[in-house]
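**Student:** Turn this into a model:
(one chain, ligands or ions: 1)
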Amino acid sequence: MLPPSEAELQRFQKQCPPRVHLRFNRNRQTLVSLRQSPTTRQWTLSLRPELLQYPGCEGDLLRFIAQNGNGDFPYLRQAVQDLFERLQHHQAQVIANVIDPKLSRLPTVGHEIHLHQRLKALQAQYWPELNPPHISWSRNPGPRPLRSIRFGCYRTSPTPRITIHPRLRQPWVADCFLNHVIHHELCHHAQHCIPQRRFRREPIHSPRFRQWEQSYEYYMQARQWERAYVPYLMDPNKPRPHRTPDQELV
Ligand SMILES: [Zn+2]
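**Tutor:** Alright, predicted model coming up:
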């Protein structure tokens, strides 16, 4: 199930009472939660956006907010259960080393990767008004398995610079994923270049950041590819599933 479009998310955001801060999550366990901060008293609704695609769920969510989470919300309950099962199934496929053929057929970066050209093209499309940051590969950790991986990094000093993890410098990496990582870091550059006055320090992945990030044309494919392939990026020695011949022909 695909998440709703940005316009749909914004429409829901407008319906939410202003006292509630809305945060879209990518959790696999807690798909929706409504909490009040004990210090600031601020309410936050954390929501897996796909839930909005279920019939009746939006109405239930608004009641859920209005009643501070107290009551019964049958559409929401049903939607959470269904989405939870779908996500579990997807995760099981990943663990079983099965990759959705749709993802394994995405165009790959190939042997020659020009980070500067990619950055230039993405910037021309999404952020033509900004001065471009520098871009380079970050330090190579070698072939050892990693416990976590940060695909991209953005720094402002001494000059704005994006670095990209060298594990993405492999010919089988999906083209849309590398561009997604560069685009994500470009959005951090935009945050830096266009400060939001109401924040002393804007949250790193603030709502406007998430909106920008999701404006990337192949955002969904890139995220799905990431979920499927991250184990092979973390451990380059892990054998990747092969495409079957009939998949090659499609
Ligand atoms: Zn980030």
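**Student:** going forward, measure contacts and count neighbours with C-alpha atoms only.
**Tutor:** Noted.
**Student:** How is residue 153 classified with respect to secondary structure?
**Tutor:** strand (DSSP: H, G, I helix; E, B strand; the rest coil).
**Student:** so it touches residue 163, yeah?
**Tutor:** Yes. Counting by CA atoms under 8 Å, residue 153 does reach residue 163; the two are 5.2 Å apart.
**Student:** in this structure, what spans have low per-residue confidence?
**Tutor:** 1-2, 94-97, 242-250 (pLDDT under 70).
**Student:** can you list the domains in it?
**Tutor:** 6-96, 103-249 (automatic domain parsing).
**Student:** Let's have these in a markdown table, adding mean neighbour count.
**Tutor:** Listed next are these as a markdown table, based on neighbours: other CA atoms under 10 Å:
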| stretch | mean neighbour count |
| --- | --- |
| domain 6-96 | 15 |
| domain 103-249 | 16 |
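**Student:** Okay, strands next: where are they in the protein?
**Tutor:** According to DSSP state E, the chain carries its strands in the segments 20-24, 32-36, 43-47, 134-137, 152-155, 161-164.
**Student:** Just list the residues touching the spatially most central residue of the chain, thanks.
**Tutor:** Ranked by distance to the mean C-alpha position of the chain (CA atoms, centre = their mean), the top residue is residue 223 at 5.6 Å. Residues near residue 223 by CA atoms under 8 Å, 6 or more residues apart in numbering: residue 177.
**Student:** One more: residue 140?
**Tutor:** Residue 140 sits in contact with 165, 166, 167, where contact means CA under 8 Å, 6+ apart.
**Student:** let's see it at 7 Å
**Tutor:** With contact set as CA atoms under 7 Å, 6 or more residues apart in numbering, residue 140 has these partners: residue 166.
**Student:** so how far is residue 173 from it?
**Tutor:** 16 Å (CA to CA, to the nearest Å).
**Student:** Could I get the CA-only coordinates of the helix ranked longest in the chain as PDB?
**Tutor:** As assigned by DSSP state H, the longest helix anywhere in the chain is helix 74-95. Provided in PDB are the C-alpha atoms of helix 74-95 (Å, rounded to 0.1, in the frame of the first residue of the first chain):
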ATOM      1  CA  PRO A  74     -13.300   0.700  14.800                       C
ATOM      2  CA  TYR A  75     -12.100   2.000  11.400                       C
ATOM      3  CA  LEU A  76      -8.800   3.000  12.800                       C
ATOM      4  CA  ARG A  77      -8.400  -0.300  14.700                       C
ATOM      5  CA  GLN A  78      -9.100  -2.300  11.600                       C
ATOM      6  CA  ALA A  79      -6.700  -0.200   9.500                       C
ATOM      7  CA  VAL A  80      -3.900  -0.500  12.100                       C
ATOM      8  CA  GLN A  81      -4.400  -4.300  12.200                       C
ATOM      9  CA  ASP A  82      -4.400  -4.600   8.400                       C
ATOM     10  CA  LEU A  83      -1.400  -2.300   7.800                       C
ATOM     11  CA  PHE A  84       0.600  -4.000  10.600                       C
ATOM     12  CA  GLU A  85       0.100  -7.400   9.000                       C
ATOM     13  CA  ARG A  86       1.100  -6.000   5.600                       C
ATOM     14  CA  LEU A  87       4.300  -4.600   7.000                       C
ATOM     15  CA  GLN A  88       5.100  -7.800   8.800                       C
ATOM     16  CA  HIS A  89       4.700  -9.700   5.600                       C
ATOM     17  CA  HIS A  90       6.900  -7.300   3.800                       C
ATOM     18  CA  GLN A  91       9.600  -7.600   6.500                       C
ATOM     19  CA  ALA A  92       9.300 -11.400   6.400                       C
ATOM     20  CA  GLN A  93      10.000 -11.300   2.700                       C
ATOM     21  CA  VAL A  94      13.100  -9.100   3.300                       C
ATOM     22  CA  ILE A  95      14.400 -11.500   5.900                       C
END
